[in-house]
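Enquirer: Would you be able to build a 3D model of this:
(one chain, ligands or ions: 1)
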Amino acid sequence: MFCVNHHTTRTVSHVTGPLSPHSYQNDWDITEEEEGGSPTTAIKNQRAVSWGTATAAYQIEGGWRADGKGLSIWDKFAHTPLKVFEDDNGDIACDSYNKIDEDVAVLKQLRVNHYRFSISWTRVLPDGTTNYINEAGFSYYDRLVNALLAENIQPHITLYHWDLPQALQNVGGWENETTVERFKDYADLVFSRLGDRVKLWITINEPYNVAMVGHGYGVAAPGISFRPGTLPYIVGHNLIKAHAEAWHLYNDKYRAKQNGMVSITINSDWSEPRNPYKQEDIDAARRVIQFYIGWFAHPIFNGDYSETMKTIIRERSLAAGLSKSRLPEFTPEEIKRIKGTYDYFGFNHYTTVLAYPLNYGNLQHYDGDRGAGTVVDRTWLDSGSGWLKVTPFGLRRILNFIKKEYGNPTIIITENGVSERGPIDLKDYHRSYFYEKYINQVLKAHLLDNVDVRGYTAWSLMDNLEWATGFAERFGLFYVNRSDPNVPRVAKESVSLYSTIINCNGFPDPASGPHDCLKPGPEGNQRCSDSSSGGKNKPDTMIN
Ligand code: NOJ
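Expert: Coordinates of the predicted model:
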């Protein structure tokens, strides 16, 4: 039986829509009591969810110069002193470039339906253009895809997970509109080579981070921070166009034959008013959301930037004496071309913030445009990452927000997870707690709120290079012993929890037990939700 974890059927009084004063404090969905023991409730209607886990090329592959790979902006950034914590880099990382069998073995152990990984653009096109195709690089992805399919694990490929070819950065990178064409050529090549077997695609991962963290705050590659009120918006504009062009390319040239799904992965925190009874805080929370998820989702799902972003940025630009808005404009043709370029909503989510208005005066910066400060509730549990507080309720709320704001799209959660720091301890109880609570909120959204969630992807399969914080922050279900020359993957405790959730397709109802799916090992392979399929984990469940 596919079900949520407790007595929730009578508690769905709050469904997130526009924020209202009662939305935070009066909703006991937020409290720990709700997550406590008490009877579980089976939900009779069952719909399929595909379960998976994710990684990204630069974070795990290593082989930074192997077999003709070109250099990316992350190779350069990480080799620049003081950019990455302890000067860590992805030269070797988890050595996944040489460990297809090991990676597939741990995926099998997890019993995932899909595996999300990214392609390193410079491994297949060393200078970023199709002038030279690096066949050795392609062979790695070819073998990986085949190995996954042989185990009935569906590949879910991200084309761009932040590692732009340095050769393209040298001519302006994402600030230069020609990068849109280069991305399209790259996408064309990858669809043509792998699309016969790969049916799930993500064009760009977390455009917010590329634009803002890489080109505004400058703490990720390419590390630019000197035009924080202008450059992120230009970069964001080109990223949206690049995504739309890749989607159209697939739609026009490949869809009929390959029959896959292409989208973008957008990340966002959920945002609540700091004081739910104060209109200014409610407005600030709305702005945070429109400047975060809305920056990219609005043009792609609804058409054009939101009125909130357009008005605020224009007014602040003109007030500062500029002749036009710092937010670039789409032409009417572009608005039409971009709107609807999705086959699902790819969504990364980790945490929630509490917002209040903050006036930055005349400061021409994204933060000033957003005009909000954020804090967290001190009762929320910490993680290994300063920005990540454990707030499961926010996931259900933002899923409901996506449903309402963007026309009830099919959603695939392409990342969700938690980190730790400090001494290695395979007993990662905080991670098991995190996944149990967050996944339960996903199931509530799916089963009780009718949000069309079809996939859930845990970040990450294994400990890896957490960008500028290096290897110190560990998100993995598997620990990677990088001081052993074999770089072995070792299961943390949470592997058993997650693989059981996968095997049971959620949380089985004890009242209708015993459940075979709870048994560890091969005899536990019967999926409790899926008697019609003979108990097999069918990777195609997400698409149907
Ligand atoms: C976002 C990114 O896509 C991924 O690369 C990163 O490691 C995780 N979230 C955790 O921060």
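
Enquirer: Close to the ligand: what parts of this structure are there?
Expert: 56, 59, 205-206, 348, 415, 459, 466, 475 (CB under 6 Å from any ligand atom). In short, each C-beta sits where N, CA and C put it, glycine included.

Enquirer: Dump these into JSON lines; add secondary structure, neighbour count and pLDDT as well.
Expert: What follows is the residues of the chain next to the ligand, written out as JSON lines (DSSP: H, G, I helix; E, B strand; the rest coil; neighbours: other CB atoms under 10 Å; pLDDT from 0 to 100):
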{"residue": "56", "secondary structure": "coil", "neighbour count": "26", "pLDDT": "99"}
{"residue": "59", "secondary structure": "helix", "neighbour count": "27", "pLDDT": "99"}
{"residue": "205", "secondary structure": "strand", "neighbour count": "24", "pLDDT": "99"}
{"residue": "206", "secondary structure": "coil", "neighbour count": "25", "pLDDT": "99"}
{"residue": "348", "secondary structure": "strand", "neighbour count": "20", "pLDDT": "99"}
{"residue": "415", "secondary structure": "strand", "neighbour count": "23", "pLDDT": "99"}
{"residue": "459", "secondary structure": "strand", "neighbour count": "23", "pLDDT": "99"}
{"residue": "466", "secondary structure": "coil", "neighbour count": "22", "pLDDT": "99"}
{"residue": "475", "secondary structure": "coil", "neighbour count": "26", "pLDDT": "99"}
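
Enquirer: Which parts of the stretch 51-200 of the chain are strands?
Expert: All strands of the stretch 51-200 of the chain, identified by DSSP state E, counting those that start in this stretch, fall at 114-118, 154-160, 200-205.

Enquirer: For those strands, could you give me TSV that also reports distance to residue 340?
Expert: Output for these, formatted as TSV (distance: least, CB to CB, whole Å):
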stretch	distance to residue 340
strand 114-118	23
strand 154-160	19
strand 200-205	14
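
Enquirer: Tell me which of the ones you listed lies nearest to residue 69.
Expert: Evaluated over these, closeness to residue 69 peaks at strand 114-118, with 14.0 Å, by CB to CB.

Enquirer: Mind listing the strands that closest one pairs with, and their directions?
Expert: Using DSSP bridges, strand 114-118 pairs in its sheet with strand 50-54 (parallel), strand 154-160 (parallel).

Enquirer: That one: how far from the chain's middle?
Expert: In terms of CA atoms, centre = their mean, to the nearest Å, the centre of strand 114-118 is set 11 Å apart from its chain centre.

Enquirer: how far away is residue 198 from the ligand?
Expert: With distances taken as CB to the nearest ligand atom, to the nearest Å, residue 198 is found 19 Å from the ligand.

Enquirer: repeat for residue 440
Expert: 21 Å.

Enquirer: And residue 276, by the same measure?
Expert: 28 Å.

Enquirer: Now do the same for that residue: its pLDDT.
Expert: Looking at residue 276, its pLDDT is 98.

Enquirer: Ramachandran coordinates for it?
Expert: Dihedral pair for residue 276: phi -70, psi -10, per degrees, to the nearest 10.

Enquirer: and residue 70, what is it in contact with?
Expert: 122-123, 125-128, 134, 165-167 (CB atoms under 8 Å, 6 or more residues apart in numbering).

Enquirer: What sits closest to residue 121 if chain neighbours are left out?
Expert: Excluding the flanking residues, the one nearest residue 121 by CB to CB, 6 or more residues apart in numbering is residue 165, at 5.4 Å.

Enquirer: and that neighbour, how many residues sit next to it?
Expert: 24 (other CB atoms under 10 Å).

Enquirer: So it sits against residue 124, correct?
Expert: No - using CB atoms under 8 Å, residue 165 is not in contact with residue 124, being 10.2 Å away.

Enquirer: Name the residue closest to the centre of this structure, please.
Expert: By CA atoms, centre = their mean, the chain has its centre lying nearest to residue 348, at 2.8 Å.

Enquirer: Output the strands paired with strand 114-118 as JSON lines; include the columns distance to residue 397.
Expert: Shown next, in JSON lines, are the strands paired with strand 114-118 (distance: least, CB to CB, whole Å):
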{"stretch": "strand 50-54", "distance to residue 397": "22"}
{"stretch": "strand 154-160", "distance to residue 397": "25"}
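
Enquirer: Please identify the most buried of those.
Expert: Across the strands paired with strand 114-118, averaging neighbours per residue (mean count of other CB atoms under 10 Å) puts strand 50-54 on top, at a mean of 27.

Enquirer: For that one, C-alpha coordinates in PDB please.
Expert: Extracted in PDB, the C-alpha atoms of strand 50-54 (Å, rounded to 0.1, in the frame of the first residue of the first chain):
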ATOM      1  CA  SER A  50      10.000   7.000  -9.700                       C
ATOM      2  CA  TRP A  51      12.700   6.900  -7.000                       C
ATOM      3  CA  GLY A  52      16.200   7.900  -7.700                       C
ATOM      4  CA  THR A  53      19.400   9.500  -6.600                       C
ATOM      5  CA  ALA A  54      21.700  12.100  -8.200                       C
END
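
Enquirer: Check the offset of that strand from the chain's centre.
Expert: 11 Å.

Enquirer: Could you pull up the contacting residues of the residue nearest to residue 121?
Expert: Counting by CB under 8 Å, 6+ apart, residue 165 makes contact with 70-73, 121-122, 125-128.

Enquirer: Tell me where the model's unsure across this protein.
Expert: Filtered on pLDDT under 70, the chain yields the residue ranges 1-47, 521-544.

Enquirer: Repeat the analysis, applying 90 as the threshold.
Expert: Scanning the chain for pLDDT under 90 picks out 1-49, 509-514, 519-544.

Enquirer: any idea which residue of it is furthest from its center?
Expert: Relative to the mean C-alpha coordinate of the chain, counting by CA atoms, centre = their mean, the farthest residue is residue 321 (37.7 Å).

Enquirer: where's that one relative to residue 219, distance?
Expert: From residue 321 over to residue 219 the distance is 29 Å, taken as CB to CB, to the nearest Å.

Enquirer: and residue 361, that's in a strand?
Expert: No - the assignment for residue 361 (DSSP: H, G, I helix; E, B strand; the rest coil) gives coil, which keeps it out of a strand.

Enquirer: hang on, isn't it packed against residue 320?
Expert: No - with contact defined as CB under 8 Å, residue 361 and residue 320 do not form a contacting pair (10.1 Å).

Enquirer: Among those two, which residue is more densely surrounded?
Expert: residue 320 (13 against 5).

Enquirer: list the contacts for the residue of the stretch 1-150 of the chain found nearest the ligand?
Expert: Going by CB to the nearest ligand atom, the ligand is nearest to residue 56 of the stretch 1-150 of the chain, at 4.8 Å. Residues near residue 56 by CB under 8 Å, 6+ apart: 117-118, 158, 161-162, 205, 464.

Enquirer: mind running it again at 10 Å?
Expert: Residue 56 is in contact with 74, 90, 116-120, 158, 160-163, 205, 415, 459-460, 464-465, 467, counting by CB atoms under 10 Å, 6 or more residues apart in numbering.

Enquirer: Now list the buried members of these.
Expert: With neighbours counted by 16 or more other CB atoms under 10 Å, these contain buried members at 74, 90, 116-120, 158, 160-163, 205, 415, 459-460, 464-465, 467.

Enquirer: which one among the residues of the chain next to the ligand gets closest to residue 407?
Expert: Distance to residue 407, by CB to CB, is smallest for residue 348 among the residues of the chain next to the ligand, at 19.9 Å.

Enquirer: Report the beta-bridge partners for the closest one.
Expert: Beta-bridge pairing for residue 348 (DSSP bridges): residue 267, residue 415.
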